[in-house]
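1. here is the input, now give the coordinates:
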Amino acid sequence: EVQLVESGGGLVQAGGSLRLSCAASGGRLDDYSIGWWRQAPGKEREGVYCISRRDGATHYADSVKGRFTISSDNAKNTAYLQMNSLQPVDTAVYYCAATRSPYCSNYGGYDYWGQGTQVTVSS
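-> Got it, this is the predicted structure:
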C-alpha cells in the first residue's frame, strides 16, 4: 500500500510562490497517475493538476493555468506542485493522490490520498 505525505505548504503573500512535495513510500510513484487536489473551507475538493502514468500527459484546472506546474522525481519517489503568482483564492488544503489507472481520474478514482498541507495566501 502506498503512503503519501505532502509538505511545503505555508503562509505566503499574494504574488508569491510555493512548491509542494508529495513523498511516496510503499510503492513506486511512477506506477501511478498522480493528482493534486485542493479544498477550501466550505467548498468541495477540486482537482488542480494531474499527470497520467500512461503517457505523461498533464491536465489542470483553468484557474491555475500558467501559474502551477506538476512534476516528479522518480529517483526521489516524489511529486511536486510548483505554484507561482499565488492569490488569496488559492488558499486551501492541498492533497496529492495516486491512482492505479494509467490516466488521470476523477475524485472517486484515486486509490491513495495524503493527509494534506495547508496553503494560505494573504492579500
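2. what's in contact with the worst-scoring helix or strand of the chain on mean pLDDT?
-> Scoring the helices and strands of the chain by mean pLDDT, DSSP states H and E places strand 58-60 at the bottom, with a mean of 91. Residues outside strand 58-60 that contact it (CB atoms under 8 Å, 6 or more residues apart in numbering) are 47-52, 68, 70, 104. Where C-beta positions appear, they are placed from N, C-alpha and C, glycine not excepted.
3. give the partner strands of it in its sheet and their orientations.
-> Strand pairing for strand 58-60, using DSSP bridges, gives strand 46-51 (antiparallel).
4. against A57, how distant is the residue nearest to R54 when sequence neighbours are not counted?
-> Excluding its sequence neighbours, the residue lying closest to R54 (CB to CB, 6 or more residues apart in numbering) is P102, at 3.5 Å. Computed with CB to CB, to the nearest Å, the distance linking P102 and A57 is 10 Å.
5. where does the prediction get shaky in this structure?
-> By pLDDT under 70, the chain contains no weakly predicted segment.
6. for it, which segments are assigned as strands?
-> Assigned by DSSP state E, the chain shows strands spanning 3-7, 10-13, 18-25, 33-39, 46-51, 58-60, 68-73, 78-83, 92-99, 112-113, 117-122.
7. which of the contacts of strand 58-60 sits closest to A40?
-> Nearest to A40 among the contacts of strand 58-60 is V48, at 11.4 Å by CB to CB.
8. for Q118, which residues are in contact?
-> Counted by CB under 8 Å, 6+ apart, Q118 has contacts 9-10, 92-94.
9. change it to 6 Å
-> Applying CB atoms under 6 Å, 6 or more residues apart in numbering to Q118 gives the contacts 9, 93.
10. now V48
-> 36, 38, 61, 64.
11. one more: T78?
-> Contacts of T78 (CB under 6 Å, 6+ apart): 21, 23.
12. what's opposite it in the beta bridge?
-> Assigned bridge partners for T78, using DSSP bridges, are A23, D73.
13. and for C50?
-> Residues in a beta bridge with C50, per DSSP bridges, are G35, H59.
14. could you count how many residues lie near it?
-> By the criterion of other CB atoms under 10 Å, C50 has 24 neighbours.
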